[in-house]
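Colleague: coords please:
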Amino acid sequence: MGQKDKEIEAIINAARTDGEKEKALLSKEGERIGEGIMHQARENIGQEMRKARESLREEAVNLALELAEGKIKEKLKKEDQEKILTEYLKKMANGS
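Modeller: Predicted coordinates:
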């Protein structure tokens, strides 16, 4: 093999080594970025789950209140309603 062939082979080997190093670096960087994306996605999912749970709790409370109000209205007679209103107005007039 001539000197030129050896130089060409050395250049090719150096380029191959550099390419492999760059490939490894890019692979590690890709993994790091992928892990960051997965972490952020988990955080976002957790936040959305908390929001959804809170929304469901609020909806359940509102439904329970509506049901309770309906049952109370069904059971209260007109006289009971007037008595409650009168007592409330008396308390308000007395400043209690």
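Colleague: Check which element follows the longest helix along the chain along the chain.
Modeller: Ranked by residue count, the top helix of the chain under DSSP state H comes out as helix 3-75. Sequence-wise, the next helix or strand downstream of helix 3-75 (DSSP states H and E) is helix 78-94.
Colleague: Also compute the angle for the longest helix of the chain relative to helix 78-94, please.
Modeller: 100 degrees (axes from the mean of the first three to the mean of the last three C-alpha atoms, to 10 degrees).
Colleague: pLDDT (mean, whole number) over helix 3-75?
Modeller: For helix 3-75, mean pLDDT is 94.
Colleague: so how far is that helix from its chain's centroid?
Modeller: In terms of C-alpha atoms, centre = their mean, to the nearest Å, the centre of helix 3-75 is found 12 Å from the chain centre.
Colleague: who does that helix touch, helix- and strand-wise?
Modeller: For helix 3-75, there is no helix or strand it packs on, judged by 3 or more C-beta pairs under 8 Å, 6 or more residues apart in numbering; DSSP states H and E. Where you see a C-beta, it was placed from the backbone N, CA and C, and this is true even at glycine.
Colleague: one more time with 10 Å, if that's ok
Modeller: Applying 3 or more C-beta pairs under 10 Å, 6 or more residues apart in numbering; DSSP states H and E, one finds that helix 3-75 makes contact with helix 78-94.
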